[in-house]
Structure formats: structure tokens, C-alpha cells
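K.L.:
dropping the sequence and predicted coords here.
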Amino acid sequence: NAGVTQTPKFRILKIGQSMTLQCAQDMNHNYMYWYRQDPGMGLKLIYYSVGAGITDKGEVPNGYNVSRSTTEDFPLRLELAAPSQTSVYFCASSYGRLAKDGYGYTFGSGTRLTVV
Amino acid sequence: AQSVTQLDSQVPVFEEAPVELRCNYSSSVSVYLFWYVQYPNQGLQLLLKYLSGSTLVKGINGFEAEFNKSQTSFHLRKPSVHISDTAEYFCAVTEGIIQGAQKLVFGQGTRLTINP
């Protein structure tokens, strides 16, 4: 049982380049989330999804896009990378049901992105 | 909107000493509360959670937290820390359930450093 798998673990991008951060879970969770973590700022929600084909914006969506074509995968796309997007990105998933997981999230190990 | 304040950004303690990490949240309505731990270069792991019932919640690795509704606090405690407890700790609260998706709002994090 792999849980939540994120790739790549590290990446350096040049300003203006684009890339996709991959996230996959094998727990049949309906709900998936992307957060970014910046020093001293905690985690901020970028986008979330309640199921295949359904996504919505979180607190800091600008500069990002997502899609959810399957239950397992929830990629995050950066179209025009900017230095402000230098961060650590975490994907998470949950059943979102009290009886199943008490609303706890399962997190991936993160992607450390640097934009130069 | 919900907000979470972790009152200490860094907490240094000596091994075998007790520790308290403080967390306050903004809302007075019913909430679910969580503590997550992040070891260096890893994702976040659920330490404990308060959903309902007893206000004293016990988690993994000997940690416990007390929910205080009147003070809107959820402080994390451990009576005797170990070197292996060195990590960053995040307090989180549910913002609400929209379209069935529970969204967590995180505090800024507290870096706990255990000195020998």
C-alpha cells in the first residue's frame, strides 16, 4: 500500500517554464488536495477535488491549474513559473467521512520546487 | 474564515523535559481539530485529533492535547520528550464541509528542537 505518491521530489525551473507535479493515491479516496508550504507560513490550500471531474479553488490558486480525470490521480500544473512559486508542494487525500478516517488526511512526501 | 495561530514558531527543550506547543483557533462554532507532525524532509503525519467527546485527546508517540472551547485552544503536550521528537508540528482546524470536502486550515507551524 503506497499511500500518496508525489513526483518529482525535487525540481528547478527557469522563470516562464511550465511543469506538472504528479500526485497519485491508491486508497480509493474521493477527496484530494494540493497545498504549498512556505517557511513560517504553514500550509496554504491551492486546489482541491471531491471526485473525478470535480475540482475547485482553494486559498491561493493563482498561477496553477488542476485536473482530476481519475480517482487516483490529481496533477498540479504550473503554466508560467515565477519565483513566487518557489515552495514545497504537498498532495493529500482523504475519505472525508467521519466513520472511515475521522477526516484525517494522508500526505505525500512533497515536491521541492525552485524557480530561478 | 477560520484561522489558526500557533503562538511559538520555535521551541527548544532539553531531552526528558516536558513540552507544550500552543494553538488557538478563531471560530467559536463546532470544529474538528488536528495536530500533524513533519519530520525533516518528509510529509505530514497525523499525531492526534479532536472530533467530539472527551476534551483530552491522546495520540501517537506519547503526545496528548486538550480541547478548550471557551479559550478556543488546542494545546499539544508531552510529559517527557525524546531526541526523536525533533520535528515541526502543525495545528489544523476544519474550515467546513463544502460539497462533502473537508478543508483543513493550518497554523504556521512550531519547530520543536530537543537538545541532549
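P.N.:
Okay, I see it. Numbers count the residues shown, from 1 in each chain, chains lettered A, B, ... in the order given.
K.L.:
enumerate the residues of chain B near chain A.
P.N.:
When proximity is defined as C-beta under 8 Å from any C-beta of the partner chain, chain B approaches chain A at B:4, B:6, B:9, B:32, B:34, B:36, B:41-46, B:49, B:51, B:90, B:94, B:97-109. C-beta coordinates here come from the backbone N, C-alpha and C atoms, glycine included.
K.L.:
hmm, try it at 10 Å
P.N.:
Residues of chain B lying near chain A by C-beta under 10 Å from any C-beta of the partner chain: B:1, B:4, B:6, B:9, B:32, B:34, B:36, B:38, B:41-46, B:48-52, B:88, B:90-92, B:94-95, B:97-109, B:111.
K.L.:
buried among these? Make that a PyMOL selection.
P.N.:
The buried residues among the residues of chain B next to chain A can be selected in PyMOL (16 or more other C-beta atoms under 10 Å in any protein chain shown) with this line:
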select buried, chain B and resi 4+6+32+34+36+38+43+44+45+46+48+49+50+51+88+90+91+92+94+95+101+102+103+104+105+106+107+108+109+111
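K.L.:
which of the residues of chain B next to chain A fall within strands?
P.N.:
Using DSSP state E, the subset of the residues of chain B next to chain A located in strands is B:4, B:6, B:34, B:36, B:38, B:44-46, B:48-50, B:88, B:90-92, B:94-95, B:97-98, B:101-106, B:111.
K.L.:
strands along chain A, start to end?
P.N.:
Using DSSP E, strands in chain A cover A:4-7, A:10-13, A:19-25, A:31-38, A:42-51, A:54-57, A:64-66, A:76-78, A:87-94, A:106-107, A:111-115.
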